[in-house]
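Asks: This is a predicted model, with the sequence first.
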Amino acid sequence: MPGGRLTQQDRQQIALGLADGLAYAEIARRLGRPTSTITREVMRNGGPTAYRADLAHRASERRAHRRTQAAPRGADSGPLPHGRDAEAVREYAETFTTAMMESGLPKMMARVLGALYTTDSGSLTASELAQRLQVSPASISKAIAFLENLDLVRREAAEGRRERYVVDDQLWYQSMIRSAQTNDQLVATARQGVAVLGSGTPAAARLENIARFLDFVGESITRAAEQARDLLYTETETTSDGNAKPSSDHG
């Protein structure tokens, strides 16, 4: 039924839609589902080229079984802060993960970001991440190393010899600047090709157009990131009732 869990028949329709080259939005419309539901379903079950209805349905049943068995254990079985609905939070974390995967992140790296961004502290230890995601510490370590390389997480010292992995607004700025720097490298490489292939030739003109385009985009990214950091970024303060509010200090 629309709004409930996907059935095996739903998944068969998704597979047929993918085979016919339909967009996620069209498949969702035909099933009476949100587009995000179809996107998440496909991305966590092999992607549009490898999706199989039978395998996806069995994987869904296994996940449901694991959640049922794990429910009585751990701190997550208690009430969530601020009156949040545990199932809604879990579903949103999956939606966030899917969005990150569609932007190019591998699944485990996207899951780690989803876990970090859906905690009020914006930070978790390796053991907390492993417990929350039900994966091995080695998987967490590999994901963190990947995300650090993209400036999407940072490390902070915690109790004893442990470390906490942190996400915050400043990391998005750093990631955008890194993207602009990558563009600068491509611009230089394209213009090197202009000199090699001979100015005025069709091949050189093509590379020069690439260089001009990327140069413009890189400058735009840098300018927009700096403006966003200065005008939009606000730190949060915690009020006496435990809620967060924007700080008046934009730094």
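Replies: On my side now, so go ahead. Numbers count the residues shown, from 1 in each chain.
Asks: now the helices for the stretch 151-251 of the chain?
Replies: 169-197, 202-231 (DSSP state H, counting those that start in this stretch).
Asks: Including mean neighbour count, could those go into TSV?
Replies: Every residue, glycine included, has its C-beta placed from N, CA and C. TSV is the format used below for those (neighbours: other C-beta atoms under 10 Å):
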stretch	mean neighbour count
helix 169-197	15
helix 202-231	15
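Asks: Among those, which comes closest to residue 61?
Replies: Taking C-beta to C-beta, helix 169-197 is the member of the helices of the stretch 151-251 of the chain nearest to residue 61, at 36.6 Å.
Asks: just to revisit the earlier point, may I see the helices of the stretch 151-251 of the chain arranged in CSV, with distance to residue 86 and mean pLDDT as well?
Replies: As requested, the helices of the stretch 151-251 of the chain are exported to CSV (distance: least, C-beta to C-beta, whole Å; pLDDT from 0 to 100):
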stretch, distance to residue 86, mean pLDDT
helix 169-197, 26, 88
helix 202-231, 33, 92
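Asks: Format the ones you listed as a markdown table; extra columns: distance to residue 54.
Replies: Shown next, in a markdown table, are the helices of the stretch 151-251 of the chain (distance: least, C-beta to C-beta, whole Å):
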| stretch | distance to residue 54 |
| --- | --- |
| helix 169-197 | 38 |
| helix 202-231 | 43 |
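Asks: which residues touch residue 146?
Replies: 106, 109 (C-beta atoms under 8 Å, 6 or more residues apart in numbering).
Asks: Give me the buried positions along the host helix or strand of it.
Replies: Using DSSP states H and E, residue 146 sits in helix 137-149. Residues of helix 137-149 classed as buried: 140, 143-144, 146-147 (neighbour count, 16 or more other C-beta atoms under 10 Å).
Asks: Alpha carbons of that helix, in PDB - could you do that?
Replies: Provided in PDB are the C-alpha atoms of helix 137-149 (Å, rounded to 0.1, in the frame of the first residue of the first chain):
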ATOM      1  CA  PRO A 137      35.600  -1.100  13.100                       C
ATOM      2  CA  ALA A 138      37.800  -1.700  10.100                       C
ATOM      3  CA  SER A 139      34.900  -0.500   7.800                       C
ATOM      4  CA  ILE A 140      34.600   2.600   9.900                       C
ATOM      5  CA  SER A 141      38.300   3.300   9.800                       C
ATOM      6  CA  LYS A 142      38.400   3.000   6.000                       C
ATOM      7  CA  ALA A 143      35.400   5.200   5.600                       C
ATOM      8  CA  ILE A 144      36.800   7.900   7.800                       C
ATOM      9  CA  ALA A 145      40.100   7.900   6.000                       C
ATOM     10  CA  PHE A 146      38.200   8.400   2.700                       C
ATOM     11  CA  LEU A 147      36.100  11.200   4.100                       C
ATOM     12  CA  GLU A 148      39.000  13.000   5.700                       C
ATOM     13  CA  ASN A 149      40.800  13.000   2.300                       C
END
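Asks: Lovely, talk soon.
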